[in-house]
Structures are given as C-alpha cells and as structure tokens.
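J.: My questions are about this predicted structure, shown below with the sequence.
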Amino acid sequence: MDAHENLSAQSEARRQAPDRRWSPGETARQDVLLRYLGAVAAAAAGHGAPAERLSARARPAPPSPTPPPSPFPEPGQPVVREVREVMDVPAAHIRAGLPYRDIARVLAREQAGALPVVDAQDHVVGVVSESDLLAKVAFEASGHRPGPIGGLRERRLHGKARGETAADLMTSPAITVLPGATVAEAAWLAALSRLKRMPVTDREGRLVGVVRRDALLQALIRDDAGIRAEVEAMVEAICPPADRDAVQVAVHDGIVELTGRMPVATARRLLAEIERIADVVEVKNLLGPGT
C-alpha cells in the first residue's frame with residue numbers, strides 16, 4: 001500500500017470511528033493533503049532521472065538524432081506545470097562583494113530571509129541568509145571565541161563570522177533548480193532541503209529567477225475556484241464567441257460539471273483538455289448539442 005492509499009484508509013477509519021467527531025472542514029483538509037501526496041508520488045514514480053532536470057550542475061544531455069518530443073501532452077495525459085511558470089522574475093540577488101551591512105538592508109528591502117549570491121557573470125555561487133548575518137553581528141557584539149574543545153560546527157561558524165562580504169558569509173554551494181523542472185519535483189527538493197526560496201538557474205548556472213515555497217504549494221494544490229478559473233479560460237480559448245455564453249462551469253471537490261449547449265466537436269475537444277488538468281478528479285458532461 002503506497003502513501004496515498006494508506007492515508008485514504010486512515011482517513012476512512014477515522015471517519016467511521018464513533019468516538020471522534022469530524023470538524024466541518026476536515027474533509028476539505030484531507031482532500032488537499034491527498035492531492036499534495038498524489039502530486040509528489042507521481043513526480044517520484046514518473047521521472048527516471050530527476051537530478052538532470054533539477055540541478056544546473058548536471059551535465060547537459062548530448063544532442064539526440066531523433067526529433068524533439070511535441071510540447072503538447074498526449075491525449076489523456078495531465079498537463080505538468082514547470083518551475084518557469086511560477087518563479088519570480090527578475091530575481092532579487094546579492095553581489096559576492098557586497099558588505100554585510102548592505103546585505104542586511106537588501107534582505108529587509110526584499111522582505112526575504114535569504115537571497116542568492118552571484119558573481120560578475122550572474123552565476124549563483126551561494127546563498128546568504130539572516131542566520132549568516134546573525135552569527136556575524138553576535139560575534140562582533142559578544143567577542144565570543146570557541147574554546148579548545150569547541151565543536152566543529154562552532155569553529156566553522158566562528159570562522160565565517162569573521163568575514164565582511166557576501167562571499168565570506170554565504171553558504172555554498174547553493175541548492176538550485178532548473179526552470180524546466182516540474183513543480184512537483186521542485187516542491188520535493190524544497191521540502192527535503194527545508195528551503196523557503198530556491199534560486200532558478202539555466203544550465204550554465206546563471207540566475208534566471210527565484211521560486212518560493214508558497215508558490216510551489218499553490219501550484220500543486222488548488223481549490224475549486226482555481227480549477228474553475230482554468231476551465232473557464234479553456235472555454236474562452238476553445239469555443240467560438242457565440243458559444244461561450246451558452247456554457248456554464250461548476251466545480252465541487254475537484255469535480256467539473258459542464259452544462260449548457262455546445263457543438264459536439266467543440267465539446268469533445270474541450271473535455272479532452274479539461275481531463276488533462278492534474279487537479280480535476282472527474283468531468284461531468286451535461287452539455288447538449290449546439291447548432
């Protein structure tokens with residue numbers, strides 16, 4: 001039994017237990033958690049070599065003599081969102097030679113706990129955080145020195161605290177992600193690394209954006225309103241103007257219900273596109289034939 005099935009079984013057992021009353025929002029919370037686990041499990045099981053897509057340090061694959069795959073998913077396959085769709089551009093960053101007092105000002109201005117450090121060619125060389133600065137100012141304020149039997153971590157922290165610039169204080173190498181990595185893969189990397197923000201680099205290691213943990217979470221777990229907005233955008237893109245007002249979209253617990261009238265050929269295409277949305281559990285087609 002995998003994690004998804006195990007959680008489902010546990011949820012059902014709790015639902016039937018006579019000594020525990022579910023709160024009104026418990027079902028919705030369980031559904032959100034199930035969707036998240038499903039997305040992470042799909043990323044772990046469906047990708048054979050995620051490291052090559054995740055890290056800019058991976059060597060680029062050699063050119064293939066076969067034609068590149070189509071950018072459009074095969075019928076019946078869900079649309080997989082990539083990091084490039086949810087990352088922040090331009091990315092706030094810090095130059096390697098910036099003094100530590102100026103680093104503190106930049107972090108405060110950007111309202112960020114950590115920022116990537118780049119060299120003159122915009123290659124990401126590390127990440128500097130509030131924790132790095134805290135060690136620096138604590139060292140200056142207290143004059144603390146590690147004792148002769150001080151731990152290795154304390155000695156390393158003391159050595160770093162004597163630095164003056166971002167290059168001295170930063171943590172290196174930085175954990176980065178490629179813009180072509182899937183959102184689920186990046187979310188898994190952020191969870192393992194306990195990072196709130198990750199630099200996004202090209203294959204040469206140059207900074208192209210920053211992806212936030214909350215953006216990854218929202219991309220993986222959308223409520224019914226978000227699904228409805230995407231379906232309505234599909235209706236706008238696929239249906240001729242004369243047919244759009246004749247279609248009504250409703251979403252409940254991930255189930256999309258279409259009512260109204262629409263030409264059969266257009267309806268078939270619309271349904272195929274909706275079924276590719278990863279968060280859609282089911283599509284109820286109540287459309288009548290249009291003219």
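T.: Arrived safely, thanks for sending.
J.: any idea how far the closest residue to residue 132 other than its chain neighbours is from residue 115?
T.: Once flanking residues are discounted, residue 132 sits nearest to residue 169: 4.4 Å by C-beta to C-beta, 6 or more residues apart in numbering. Placement of C-beta: from N, CA and C, glycine included. According to C-beta to C-beta, to the nearest Å, residue 169 and residue 115 sit 12 Å apart.
J.: And residue 80, by the same measure?
T.: For residue 80, the distance to residue 115 - C-beta to C-beta - is 29 Å.
J.: more neighbours, those two?
T.: Taking neighbours as other C-beta atoms under 10 Å, residue 80 and residue 115 compare with residue 115 leading, 22 against 17.
J.: who's in contact with the more buried one?
T.: Residues counted as contacts of residue 115 (C-beta atoms under 8 Å, 6 or more residues apart in numbering) are 92, 93, 94, 106, 107, 127, 128, 197.
J.: same question, residue 289
T.: Residue 289 touches 261, 262, 263, 264, counting by C-beta under 8 Å, 6+ apart.
J.: Kindly state the beta-bridge partners for the second one.
T.: Taking DSSP bridges as the rule, residue 262 bridges to residue 289.
J.: can you pull the contacts of it?
T.: For residue 262, the contact set (C-beta under 8 Å, 6+ apart) comprises 239, 243, 246, 247, 270, 287, 288, 289, 290.
J.: what about the stretch 1-150 of the chain, any weak spots by pLDDT?
T.: Low-confidence segments of the stretch 1-150 of the chain (pLDDT under 70): 1-79, 142-150.
J.: Apply 50 and report the result again.
T.: 3-4, 7-11, 13-23, 46-49, 58-62, 64, 67, 69-77 (pLDDT under 50).
J.: By neighbours, which of the contacts of residue 115 wins?
T.: Neighbour counts for the contacts of residue 115, by other C-beta under 10 Å, peak at residue 128, which reaches 29 neighbours.
J.: so which strand or helix has that residue?
T.: Using DSSP states H and E, residue 128 sits in strand 124-129.
J.: how about CSV for the contacts of residue 115, with secondary structure and distance to residue 283 added?
T.: Listed next are the contacts of residue 115 as CSV, based on DSSP: H, G, I helix; E, B strand; the rest coil; distance: C-beta to C-beta, whole Å:
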residue, secondary structure, distance to residue 283
92, coil, 41
93, coil, 43
94, strand, 47
106, helix, 48
107, helix, 46
127, strand, 43
128, strand, 48
197, strand, 36
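J.: Closest one to residue 187 out of these, please.
T.: Nearest to residue 187 among these, counting by C-beta to C-beta, is residue 197 at 12.9 Å.
J.: Contacts only, for that closest one.
T.: Counting by C-beta under 8 Å, 6+ apart, residue 197 has contacts 112, 113, 114, 115, 210, 211, 212, 213.
J.: Who is residue 126 paired with across the strands?
T.: The partner residues for residue 126, given DSSP bridges, come to residue 117.
J.: just the helices in this protein please.
T.: Assigned by DSSP state H, the helices in the chain fall at 3-16, 26-46, 50-54, 100-110, 130-142, 152-161, 166-169, 183-193, 213-220, 224-238, 241-244, 264-275.
J.: got a list of what the residue lying closest to residue 121 once chain neighbours are set aside touches?
T.: Nearest residue to residue 121 in three dimensions, chain neighbours excluded: residue 206, at 7.0 Å (C-beta to C-beta, 6+ apart). By C-beta under 8 Å, 6+ apart, the residues touching residue 206 are 121, 122, 123, 124.
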